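Asks: Turn this into a structure:
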Amino acid sequence: MTARIFWCRATWQAIVAFWLTIAGSLPAAYASEYRQLPPAPPASISADWLIHDAAQNRLIFYLPGYHQPAHAYYQWVAVSRNQSFPLSFAAQRGLSLFIDNQLIFTAQAAATYSIDLARLLPPRLPSGRHLLAVWQPDGVPALASFSGVRPGESASLTTATLAGQALPRLPGPQGQSVYLGLLLILGLSYGAVRTTYQPGLARIFQLDELFGRGSDQQAFLSKPAFSLLNLLLVLLFALSFALLLTAIHTDLQNLPLLRRFINIPETAIVARVFLYTAIITLFVFGKYLYVGIMAYIFDLLPLVDIQFREFLRTTLLTGLFLPLVLLLYLSLNTSFPATVAWAASAAIGIVLVGSVLRVGRTLHHHASLLNLHLFAYLCATEVLPLLVLLKLIVFTY
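Replies: Just a heads-up that it's a prediction; the model follows:
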């Protein structure tokens, strides 16, 4: 009996000790979740580099002595526009730095350079984690020389010092010869269409008819909208609009719907131009279907043909000025990048807004816009698409 009592007491003590141990460990476990994280390290670069594994198409850690030396090395860095990211390195002539595959620096001579990555971050890239690439075209970069500038030297990274030591590359239009070649093709195509369809082209591109109210204007609005001439002109307008969008780096592939199905790199200029041309062409002719659906909902079907023909004529007329805007952009972007980018975006905005104003004026002549029903129809078919386009094309980029 005594042995049994002793065994029960020992068992009970063991159980109590076990639960006390568990209970004692719970506060420590919960407390560890609320410990403050250590402060983030300052913006700097480490000694660990990555190289591209061509067989697996991925980046792997570079191990000296195990991997063969490469021309390009990579490293993930956290760059913020509000925090300086000083970087010092020795470079031979031709060494280049890239951030997310965009060129930001090229060494013009063999020397030691001190730059600030935060100031060289391309304008389109947000603050955050980016891939830094170091490329030496005819040799191996001196990776051991890459380090953060010492605190005593960080104050010397002024604008004058940066301009004297580093050569930043501004985000200008790449492939200028490609744009000029496509502009030449565009001009020759307009000339061929003008020679073949001179009477019809003159009827569309006359300013006095555009702002007039005579019988000629009514005759144009009674012409069929879907003709071979209109199809060719829409394609040429879409090509000129696509060239301008590509030149000012308007990445329509950031749209979730397009990014799901299409992924064309920014360097593939011709492919992007053709993609945007197809999108713009589908939008122009797809608007007829959209206007027809909205007119059926609002019981205004007699206005569909007049509205679409006026939209088509105004769009084609304003599109004649887009090649000139692109030519000015390519000529002045190197000298005045911010000014010409703003001017190009303003030109796109004028094309979009002018089309809506002209369509509204034409509809007002057939039915007063003071009618709330017609005004709501105009907002649904013209104003709402205009706001969406301005957001996607002008204000976002």
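Asks: Quick one: residues contacting Gln92.
Replies: Ala107, Ala110, Gln136, Gly139, Ala142 (Cβ atoms under 8 Å, 6 or more residues apart in numbering). (C-beta placed from N, C-alpha, C; glycine too.)
Asks: Please verify my assumption that the second one contacts Gly94.
Replies: No: the pair Ala110 and Gly94 does not pass the contact test of Cβ atoms under 8 Å, sitting 9.5 Å apart.
Asks: okay, the two: which has more neighbours?
Replies: When Ala110 and Gly94 are compared for neighbours, Gly94 comes out ahead with 15 against 11, by other Cβ atoms under 10 Å.
Asks: Helix, strand or coil: sort out that one for me.
Replies: Under DSSP: H, G, I helix; E, B strand; the rest coil, Gly94 falls in the coil class.
Asks: Quick one: neighbours of the residue lying closest to it once chain neighbours are set aside, just the number.
Replies: Spatial nearest neighbour of Gly94, chain neighbours left out: Pro137 (5.2 Å); criterion: Cβ to Cβ, 6 or more residues apart in numbering. The local packing of Pro137 (other Cβ under 10 Å) involves 11 other residues.
Asks: what are the phi and psi angles of Val193?
Replies: Main-chain dihedrals, Val193, degrees, to the nearest 10: phi -70, psi -40.
Asks: what's the distance between Tyr276 and Arg58?
Replies: 31 Å (Cβ to Cβ, to the nearest Å).
Asks: correction: His364
Replies: From His364 to Arg58 the distance is 60 Å (Cβ to Cβ).
Asks: what about Ser46, distance to Val79?
Replies: Counting by Cβ to Cβ - Ser46 and Val79 are separated by 14 Å.
Asks: neighbour-wise, which of these two wins?
Replies: Between Ser46 and Val79, Val79 has the larger neighbour count (other Cβ under 10 Å), namely 22 against 12.
Asks: ok, for Thr315, nearest residue in space, not its chain neighbours?
Replies: Here the residue nearest Thr315, using Cβ to Cβ, 6+ apart, is Ser355, at 5.3 Å.
Asks: The one you found sits in which helix or strand?
Replies: helix 337-366 (DSSP states H and E).
Asks: Could you list the low-confidence segments of the stretch 101-250 of the chain?
Replies: Along the stretch 101-250 of the chain, the model assigns pLDDT under 70 to residues 149-175, 202-225, 249-250.
Asks: which residues of the stretch 151-300 of the chain fall in helices?
Replies: Taking DSSP state H, counting those that start in this stretch to define them, one finds helices in the stretch 151-300 of the chain at 151-154, 159-165, 176-196, 198-204, 207-210, 215-221, 228-247, 256-261, 269-298.
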